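Undergrad: Quick one: sequence plus predicted model below, questions after.
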Amino acid sequence: KLGYPISDNVIKDASMKSKDTMGFIQLVKLILLAGVVVLGIVHFSDVLSFFQKVSRLLTPLVIGFSIAFLVDLIVKPLERIVMKMIKREKLSRALAIVLAFFIVVAIILGVLLILIPQLVIAIEQFIIKLPVVFTDFEEAIDSFILTKPEWDQAFSQVIQYFERLRDSLLASLPDITDVAFGFLGSALTSIINILLGSIFSVYLLVGKQGLLRQLNRLLAVYVKPSFAKKTISV
């Protein structure tokens with residue numbers, strides 16, 4: 001601005017200082033990264049426990065995203081159909097979401113109504129035929145022993161082993177009860193996660209356009225344009 005020429009030495013000094021600064025920043029980043037890695041290795045169990053807790057907290061959100069993604073495949077065509085009749089965008093989308101969830105629930109119930117009776121019939125047939133199979137198996141072993149008496153001792157040992165196994169199972173019934181209660185607790189947790197995920201998926205589906213606009217703004221501000229473009233496309 002003052003009209004004085006800038007010497008080459010000044011430019012070189014400025015570029016060297018800039019390179020030194022960049023090198024120092026890279027060094028600091030590497031030191032911090034190495035420190036984080038070392039802390040992660042030393043406190044691996046704590047880090048693993050932390051990520052497990054976070055994953056449990058995020059499970060309903062992941063389920064909600066998955067449900068929203070699948071249901072939205074049905075919502076899109078339904079929204080176009082309802083829009084032709086109502087001509088109101090928000091109301092059309094709300095009705096399309098409700099119809100889509102009804103369709104998904106109806107499909108799941110339909111599949112269960114087909115599978116459960118077949119499963120019950122299969123279990124009943126198994127229970128009916130199981131005693132017959134055991135009787136035939138016992139008769140086959142008896143006839144085999146009659147033809148080969150030397151195998152009698154071996155089969156006696158096998159029977160004693162299964163009797164000891166039965167006794168140990170009966171003795172460990174409290175443990176089995178604990179396992180059953182643990183399984184019941186896991187099942188209830190899964191049901192709660194699915195319910196919370198379903199509620200979250202409704203929120204995602206209703207506010208889809210607004211959420212996408214906010215995401216686009218965040219990407220435009222905080223990431224590179226090329227990466228933002230690819231992410232928006234996905």
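TA: All right, it came through fine.
Undergrad: Which strands and helices lie in contact with the top helix by length along the chain?
TA: Longest among the helix segments of the chain by residue count, using DSSP state H, is helix 89-147. Helix 89-147 is packed against helix 44-86, helix 152-171, helix 173-206, with contacts defined by 3 or more C-beta pairs under 8 Å, 6 or more residues apart in numbering; DSSP states H and E. To be clear about C-beta, it is placed using only N, CA and C from the backbone, and glycine gets the same treatment.
Undergrad: mind giving me JSON lines with the ones you listed and columns for mean neighbour count?
TA: Shown next, in JSON lines, are the helices and strands packed on helix 89-147 (neighbours: other C-beta atoms under 10 Å):
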{"stretch": "helix 44-86", "mean neighbour count": "14"}
{"stretch": "helix 152-171", "mean neighbour count": "10"}
{"stretch": "helix 173-206", "mean neighbour count": "13"}
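Undergrad: Turn these into a markdown table, columns for distance to Asn216 and mean pLDDT.
TA: Shown next, in a markdown table, are the helices and strands packed on helix 89-147 (distance: least, C-beta to C-beta, whole Å; pLDDT from 0 to 100):
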| stretch | distance to Asn216 | mean pLDDT |
| --- | --- | --- |
| helix 44-86 | 17 | 85 |
| helix 152-171 | 60 | 72 |
| helix 173-206 | 16 | 81 |
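Undergrad: Please name whichever of these is nearest to Gln118.
TA: Each of the helices and strands packed on helix 89-147 has some distance to Gln118 by C-beta to C-beta; the shortest is helix 173-206, at 22.3 Å.
Undergrad: what's downstream of the closest one, the next helix or strand?
TA: helix 208-222 (DSSP states H and E).
Undergrad: Compare the helices and strands packed on helix 89-147 and give me the one nearest Glu139.
TA: Using C-beta to C-beta, the nearest of these to Glu139 is helix 152-171, at 13.4 Å.
Undergrad: Pull that closest one out as CSV, backbone CA atoms only.
TA: Extracted as CSV, the C-alpha positions of helix 152-171 are listed here (Å, rounded to 0.1, in the frame of the first residue of the first chain):
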residue,chain,number,x,y,z
ASP,A,152,-22.6,-104.3,27.9
GLN,A,153,-20.0,-102.7,30.1
ALA,A,154,-19.4,-99.8,27.7
PHE,A,155,-23.1,-99.0,27.5
SER,A,156,-23.3,-99.2,31.3
GLN,A,157,-20.6,-96.6,31.6
VAL,A,158,-22.4,-94.3,29.0
ILE,A,159,-25.6,-94.6,31.0
GLN,A,160,-23.8,-93.8,34.3
TYR,A,161,-22.3,-90.7,32.6
PHE,A,162,-25.7,-89.4,31.5
GLU,A,163,-27.1,-90.0,35.0
ARG,A,164,-24.2,-88.0,36.5
LEU,A,165,-24.9,-85.3,33.9
ARG,A,166,-28.6,-85.3,34.8
ASP,A,167,-27.7,-85.0,38.5
SER,A,168,-25.3,-82.1,37.8
LEU,A,169,-28.0,-80.3,35.8
LEU,A,170,-30.5,-80.7,38.6
ALA,A,171,-27.9,-79.4,41.1
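Undergrad: other SSEs contacting that helix?
TA: When contacts are defined as 3+ C-beta pairs under 8 Å, 6+ apart, helix 152-171 sits against helix 89-147.
Undergrad: for the helix it packs on, what is the average pLDDT?
TA: Averaging the model's pLDDT scores along helix 89-147 yields 84.
Undergrad: mind checking how far Asp72 is from Val62?
TA: Separation of Asp72 from Val62 (C-beta to C-beta, to the nearest Å): 16 Å.
Undergrad: about what we covered before: next, the angle from the longest helix of the chain to helix 44-86.
TA: Interaxial angle of helix 89-147 relative to helix 44-86 (axes from the mean of the first three to the mean of the last three C-alpha atoms, to 10 degrees): 130 degrees.
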